[in-house]
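Trainee: quick one, fold the following:
(one chain, ligands or ions: 1)
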Amino acid sequence: MDIVETSPLGETSPLGEASLLAAFAEAMPIAARRASLTGGTGLVIVDEVNGFATVGAGPLAPARENASVARMITETDRLAHDFAARDWPILAFLDSHQPGKAEPPYPPHCEIGTGQENLVPGLAWLENCPQAQLMRKDCINGYIGAERPDGSNVVRDWIARYQLQSVVVVGICTDICVMDFVLTLLSARNHGLVAPLRDIVVYGPGCSTYNLPRDQALAIGLPATAGHPQELAHHLGLYVMAARGAVLADEIVFA
Ligand SMILES: [Zn+2]
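Mentor: This is a model prediction of the structure:
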């Protein structure tokens, strides 16, 4: 007998994403806590661009309204205003590609000139925010994308310039661009590349990922392995980052 459930996203799934998520949370729990921030903290916003987060804005954007993505933007906007009001630094990555230059395994996305490569409307104010530095990157991992030809690195320089002891990371996708950046930054920290950085905080409500349940992947001609149920993938991303040493937060307060 097939059991069809309604997922938290309001979509039916024969795999029962809600049941799987509950089972995941039981077997691979995550423990988020309230993070109390002091000075010496920077905010990193990963790829909250139209091509990933504005409905209908491209092949990798949500096809319709998505509560998790909307929440991410609202939470990021709130945090960014909190940081700017305190004159704390913000670094925003913008996934941006030269037209025609592929980024396998993904279809063309966020090509320069399409508008997909720019911040979502709700965060466009950061383009004129004195505390914010915007950095375009052409690969998943923002730490790698920050490498300059001369061997210097935008992320390392930003951390050193502001003598950051902690960073808060938000953005999309939890299990892709956010995760790759956070895991690499953890290694960079442990290797002594980003002193005085100590804490890498991932704010879960400020992160999201895309939704492509297995049945929808099959329906559009993709293999089953393209299946990517949103809440499960988000949970997995948070779990892996926490397991590697990131601090998970579900609430941010300012000390
Ligand atoms: Zn890309």
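Trainee: continuing past the longest helix along the chain, what's the next helix or strand?
Mentor: Ranked by residue count and defined by DSSP state H, the top helix of the chain is helix 67-85. Past helix 67-85, further along toward the C-terminus, the next helix or strand under DSSP states H and E is strand 90-95.
Trainee: each with direction, which strands does that next one pair with?
Mentor: In its sheet, strand 90-95 lies beside strand 41-46 (parallel), strand 132-137 (parallel), with partners assigned from DSSP bridges.
Trainee: just how off-centre is it within its chain?
Mentor: The chain centroid and the centroid of strand 90-95 are separated by 10 Å, computed with Cα atoms, centre = their mean, to the nearest Å.
Trainee: that older thread, want to throw the strands paired with strand 90-95 into TSV with mean pLDDT and distance to residue 149?
Mentor: Every C-beta, even on glycine, is put in place using the N, C-alpha and C of the backbone. Conversion of those to TSV gives the following (pLDDT from 0 to 100; distance: least, Cβ to Cβ, whole Å):
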stretch	mean pLDDT	distance to residue 149
strand 41-46	98	23
strand 132-137	98	14
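Trainee: nearest to the ion, out of those strands?
Mentor: Taking Cβ to the ion, strand 132-137 is the member of the strands paired with strand 90-95 nearest to the ion, at 7.9 Å.
Trainee: check whether that closest one comes near the ion.
Mentor: No: under the criterion of Cβ under 5 Å from the ion, strand 132-137 makes no contact with the ion; the nearest approach is 7.9 Å.
Trainee: that strand to helix 67-85, inter-axis angle?
Mentor: Angle between the axes of strand 132-137 and helix 67-85 is 130 degrees (criterion: axes from the mean of the first three to the mean of the last three Cα atoms, to 10 degrees).
Trainee: contacting residues for residue 36?
Mentor: 253, 254, 255 (Cβ atoms under 8 Å, 6 or more residues apart in numbering).
Trainee: that one belongs to a helix?
Mentor: No: looking at residue 36 with DSSP: H, G, I helix; E, B strand; the rest coil, it is strand, so not inside a helix.
Trainee: for residue 224, which of the strands paired with strand 90-95 is the nearest?
Mentor: strand 41-46 (27.7 Å; Cβ to Cβ).
Trainee: name the member of the contacts of residue 36 with the most neighbours.
Mentor: Counting neighbours by other Cβ atoms under 10 Å, residue 254 comes out on top of those with 14 neighbours.
Trainee: can I get the strands paired with strand 90-95 in JSON lines including mean neighbour count?
Mentor: Putting the strands paired with strand 90-95 into JSON lines (neighbours: other Cβ atoms under 10 Å) gives the following:
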{"stretch": "strand 41-46", "mean neighbour count": "26"}
{"stretch": "strand 132-137", "mean neighbour count": "18"}
